[in-house]
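Q: coords below, sequence missing:
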């Protein structure tokens, strides 16, 4: 892996800590990101944002532009979705993580996002990654669904080459022969990446498993393996969700999940980055 000139530990012998406003990713506190797969309406987003903020969550995910396998599936509210995310951020003080799909949308998404997400489908879109290297906001780089560890880290290298060193890696499962789960969550990738790179790494067990019942166990495993945070999907009415409801946690169970994750974080010598002690919604 000699081509890892910027993301490799030989470039930096200490862990990178990414600043997101007044918050840090990669420090002792574990980043916790929660929110819907897709922004569907003002009412839906407000209820979720209010619920997670009452639990102390500081980062909210939400897709305004949705890359879907089927052209007939819900594609997102686009610019209107971005505006709803900004409204939720202003109202509840949560920082926004949202996906940008291609180079033509960077300028549009930029003002609304605290962290710009690169989805699995774009992990090998090198011209796009180069453009993201020119901006000054953190990039959440998801692992490609068929990417090796080296390919994933080289994707990050493209961003750093452009001058943007604010990259957060995200293990979100890979495609394998097994059809029991949506993706195969590669827990081993977490400590391995920490051996190879100075960049922080978080886990997305919602995408990594595709099954609601597996999200908490895989979140615990990710924290135990050394992840710098987790990102999960949550919905106020998962059965009615327009995207990935089957893997979304119920909003009214989030308090219990957070308590379990906080205990695991403390067992691992770290803390969960929340504004307060979690209470049940």
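A: Everything's here; your move. On a predicted model such as this, the values are computed, not experimentally measured, just so you know.

Q: From here on, just use CA atoms for contacts and neighbour counts.
A: Noted.

Q: What mean pLDDT does stretch 232-250 get?
A: For stretch 232-250, mean pLDDT is 95.

Q: Can you give me the buried ones in that stretch?
A: 232-236, 238, 241-250 (16 or more other Cα atoms under 10 Å).

Q: tell me the two of the residues you listed that are most distant?
A: 232 and 242 (16.4 Å; Cα to Cα).

Q: Confirm that residue 222 sits in a helix.
A: Yes - judged by DSSP: H, G, I helix; E, B strand; the rest coil, residue 222 forms part of a helix.

Q: how close does it get to residue 146?
A: Using Cα to Cα, to the nearest Å, residue 222 is found at 20 Å from residue 146.

Q: Please apply the same query to residue 20.
A: Distance from residue 20 to residue 146, by Cα to Cα: 29 Å.

Q: so what's the most centrally placed residue in the chain bridging to?
A: Against the mean C-alpha coordinate of the chain, by Cα atoms, centre = their mean, the closest residue is residue 231 at 4.7 Å. Counting by DSSP bridges, residue 231 forms beta bridges with residue 33.

Q: Show the contacting residues for it.
A: Residue 231 is in contact with 32-34, 61, 202-206, counting by Cα atoms under 8 Å, 6 or more residues apart in numbering.

Q: can you give me the helices for the stretch 1-150 of the chain?
A: In the stretch 1-150 of the chain, the segments counted as helices under DSSP state H, counting those that start in this stretch are 42-54, 79-92, 106-109, 126-132, 149-161.

Q: Using a markdown table, lay out those together with mean pLDDT and mean neighbour count.
A: Listed next are those as a markdown table, based on pLDDT from 0 to 100; neighbours: other Cα atoms under 10 Å:
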| stretch | mean pLDDT | mean neighbour count |
| --- | --- | --- |
| helix 42-54 | 97 | 20 |
| helix 79-92 | 97 | 19 |
| helix 106-109 | 97 | 16 |
| helix 126-132 | 98 | 19 |
| helix 149-161 | 97 | 22 |
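
Q: And these: which comes nearest residue 255?
A: Between residue 255 and those, the shortest gap by Cα to Cα is with helix 42-54, which sits at 8.7 Å.

Q: Can you give me every residue that contacts residue 223?
A: Going by Cα under 8 Å, 6+ apart, the list of residues near residue 223 reads 229-230, 264-265, 268.
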